[in-house]
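Peer 1: take this sequence and fold it.
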Amino acid sequence: MVSITTLTTTTFSLLFLIFFTNPSLCTPSSQNLQISVTPKTIKKSGDSITIRWTGIESPTKLDWLGIYSPPNSSHSSFIGYLFLSSSPEWESGSGSISIPLINLRSRYQFRIFHWPESEVNKHHTDHDKNPIPGTKHLLVESEEVGFQLNQGPEQVHLALTGRAGEMRVMFVSDDGRESFAKYGLTREGLGRVVRSKVSRYEREDLCDAPANESIGWRDPGYIHDAVMVELKRGKRYYYKVGSDSGGWSMTYSFVSHNEDSSEAVAFLYGDLGTATPYKTFVRTQDESISTVKWIIRDMEALSDKPLFISHIGDISYARGYSWLWDNFFYQIEPIASKAPYHICIGNHEYNWPTQPFRPDWASQIYGKDGGGECGVPYSFRFNMPGDSSESTGSHVPNTRNLYYSVDMGPVHFVYMSTETNFLPGSKQYEFLKHDLESVDREKTPFVVVQGHRPMYTTSSGDRDAPLTERMLEHLEPLFVKNKVTLALWAHVHRYERFCPLNNNTCGRLGVDGEAFPVHIVIGMGGQDWQPIWQPRKDHPGDPIYPQPSQSLFRGGIFGYTRLEASKEKLTFSYIGNHDGQVHDKVEILASGAVISGGSSNVHAMGGGKVESNLSLYITSVVVLLLGAFIGYIIGFKSHATHDTTPVWRWSRVKNEEL
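Peer 2: The predicted structure is shown next:
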């Protein structure tokens, strides 16, 4: 006879085995659960769909909606997620969520999961230390939805080629069919046609995870590259891209480059990134939406002029999650389709332990910021002038778009890579030396050098100190000798303008000033995380107050900068996203003399006046104190916010810091 104890033990073991191998039995009943998606077909990127559900019994705050593309992705390989509690009526077991979608050249599916708080894994987290949602308890899956076919290419963006009378246009299609760019001087008269070249990269071209694993890899589509030629100078051209069989894009326009122009207008920033309407594995940059919005305003006000856009590193912040590149190009298309969009490489496009330029002094500088991309999406999705490239040191294709220069009216723009070898004897150093020594200062009196990691900053970036030392030793003498006007940097996610500098020493201001480069950090485009300004030795948690004397203006406001130059004067302005107004401005003569610089209440586009020495002094003192105080408050707030945020309460850190 079997004892009661033995029977009980056996029964318990069987029940445990059943529940352990069938976790759905622990899941709230979903017999009456229904999910629907409308519309079933999406016309173009940015159009919204609505997901509705009913019948969830005993819903909890951690129940979530997973977004999947392609639909055969595993449960853990979602592209994004939203908590059902974002719907006002979620506690009733019903609700709806509407989100815009980007065309990833694959269909979408949506899945709802139950996630008990007892199963939260605080060690399996995203970029912001929030736990990744659990996928053990699937409640329901939606039907598939997709984009209409043959609606034409997307992700249109322009670039200069470095040759007169040309404009490059790049775009993405889903199947690589033969495509073209049509263009002309009227919207109806697109009589010129050029064929595009096409390329793509594959999963095996990427160097490591997450970029080359199923969680991060998505089909990037086919990348097209066409060059519009024989353009008349300073004329508005209309164009569209695509094919009769695959569909055509909308009609865009730009003002062609004029090599003999006496003026230049450019918009410049770093660390823009992209925003998504859902949470994903890495932090996205909500503020980038405002940056693009205000630049659109300025571009519309200057619609009759040739324009130029410069993005100096940390481009999409995809970091191995491919769909974020698609989001980025969708987001910048309103500006990048109207003006050449030029870039240089940052740590989040490239860095990985296998990179070949990794000397002993840089072992703590170049880490895993690239997410296993190793420069591949960056190299394929853009095509900058020149032919600079470096081996990745592995099977991955060479990294391109590293260093080059272009002229825009009276300004000579030079781009460099702080992520690859820039030391004497390197190809990059020789390029920079030859390029700076060859500038025709009669034609382009202003020289603007741009790179990602800053040569000068008062942020607490001690990890980059060995790199900064070598930039000061080897590159600053080139800049000073060749009278570089501006040196623009990013990486630090704030704005900071220095006095004219040589060897960490300020030159004189005014018409008799020395022609030293003015260094400005412009990394405030969208990424919000940043440590405090340079800390005090006796109080490491607090920034130096007042700020160092070389630093004339510091701002913690997101935004962008605008460059306006004539043959005689260059005006550089910092525009804040919260109001679209100018918050700092500096004016530099063609001689290199800095004639004014300080905070400005001038809200108009351009303009300005030469200030007296007394006015300059008073303004500088006021700005110094105000800037230091604001920097202190923002730095302290940022530091305190990140230090006090609970690890897994999904606090909207970026919103708290706007």
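
Peer 1: could you give the mean pLDDT of the helix or strand harbouring residue 146?
Peer 2: Using DSSP states H and E, residue 146 falls within strand 146-147. Here strand 146-147 scores 97 as its mean pLDDT.

Peer 1: enumerate every residue touching the most centrally placed residue in the chain.
Peer 2: Taking CA atoms, centre = their mean as the criterion, residue 273 is the residue nearest the geometric centre of the chain, at 2.4 Å. Contacts for residue 273 were tallied using CB atoms under 8 Å, 6 or more residues apart in numbering; they are 284-285, 288, 314-317, 328, 525-527. All C-beta spots, glycine's among them, are computed from the backbone N, C-alpha and C.

Peer 1: next SSE downstream of the strand holding residue 146?
Peer 2: Using DSSP H and E, the helix or strand that follows strand 146-147 in sequence is strand 154-159.

Peer 1: what's the helix or strand following that following strand in contact with?
Peer 2: The helix or strand immediately downstream of strand 154-159 is strand 167-173, counting by DSSP H and E. The contact list for strand 167-173 (CB under 8 Å, 6+ apart) reads 153-161, 179, 181, 196, 198, 220-228, 231, 237, 239, 241-242, 246, 249, 254, 256-257, 326, 329, 340, 381-383.

Peer 1: ok, now with 6 Å
Peer 2: Residues outside strand 167-173 that contact it (CB atoms under 6 Å, 6 or more residues apart in numbering): 153-159, 161, 181, 221-228, 241.

Peer 1: can you show me the helices along the stretch 451-600 of the chain?
Peer 2: 465-474, 476-481 (DSSP state H, counting those that start in this stretch).

Peer 1: distance to residue 500 and mean pLDDT added to those helices, as CSV?
Peer 2: Compiled in CSV, these are given as follows (distance: least, CB to CB, whole Å; pLDDT from 0 to 100):
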stretch, distance to residue 500, mean pLDDT
helix 465-474, 15, 96
helix 476-481, 10, 97
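
Peer 1: JSON lines for those helices, including mean neighbour count?
Peer 2: Converted to JSON lines, the helices of the stretch 451-600 of the chain look like this (neighbours: other CB atoms under 10 Å):
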{"stretch": "helix 465-474", "mean neighbour count": "16"}
{"stretch": "helix 476-481", "mean neighbour count": "17"}
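
Peer 1: can I get those helices in a markdown table with distance to residue 507?
Peer 2: Listed next are the helices of the stretch 451-600 of the chain as a markdown table, based on distance: least, CB to CB, whole Å:
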| stretch | distance to residue 507 |
| --- | --- |
| helix 465-474 | 16 |
| helix 476-481 | 10 |
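
Peer 1: and residue 294, which of the ones you listed is closest to it?
Peer 2: helix 476-481 (30.0 Å; CB to CB).

Peer 1: picking up where we left off before, what does the pLDDT read for the residue nearest to the centre of the chain?
Peer 2: For residue 273, the model assigns a pLDDT of 98.

Peer 1: how about residue 207: what's its closest non-neighbour residue?
Peer 2: The spatially closest residue to residue 207, leaving aside those adjacent along the chain, is residue 374, at 3.9 Å (CB to CB, 6 or more residues apart in numbering).

Peer 1: which secondary structure state is assigned to the one you found?
Peer 2: State at residue 374, reduced to three classes by DSSP: H, G, I helix; E, B strand; the rest coil: coil.

Peer 1: that older thread, gap between the strand holding residue 146 and the chain center?
Peer 2: 26 Å (CA atoms, centre = their mean, to the nearest Å).

Peer 1: circling back: mind giving me the PyMOL select for the contacts of residue 273, buried ones only?
Peer 2: Filtering the contacts of residue 273 down to the buried ones (16 or more other CB atoms under 10 Å) takes a single PyMOL command:
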select buried, resi 284+285+288+314+315+316+317+328+525+526+527
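
Peer 1: restricted to helices, list the contacts of residue 273.
Peer 2: 288, 328 (DSSP state H).

Peer 1: redo the contacts of residue 273 as TSV? Include distance to residue 190 and pLDDT.
Peer 2: Formatted as TSV, the contacts of residue 273 follow (distance: CB to CB, whole Å; pLDDT from 0 to 100):
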residue	distance to residue 190	pLDDT
284	36	95
285	35	95
288	32	97
314	36	98
315	30	98
316	30	98
317	36	98
328	28	98
525	33	97
526	34	95
527	38	92
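
Peer 1: ok, so of the contacts of residue 273, who is nearest residue 166?
Peer 2: Looking across the contacts of residue 273 and measuring by CB to CB, the closest to residue 166 is residue 315, at 23.2 Å.

Peer 1: and the closest one, what does it touch?
Peer 2: 343, 349.

Peer 1: now residue 592
Peer 2: Residue 592 neighbours (CB under 6 Å, 6+ apart): 483, 515.

Peer 1: now with 8 Å, please.
Peer 2: So residue 592 contacts 483, 485, 500, 513-516 (CB under 8 Å, 6+ apart).

Peer 1: what do you get for residue 95?
Peer 2: 52-53, 84, 87-89.

Peer 1: out of these, which is most surrounded?
Peer 2: residue 84 (27 neighbours; other CB atoms under 10 Å).

Peer 1: was I right to think that one contacts residue 52?
Peer 2: No - applying CB atoms under 8 Å as the test, residue 84 and residue 52 come out as separate, 11.2 Å apart.
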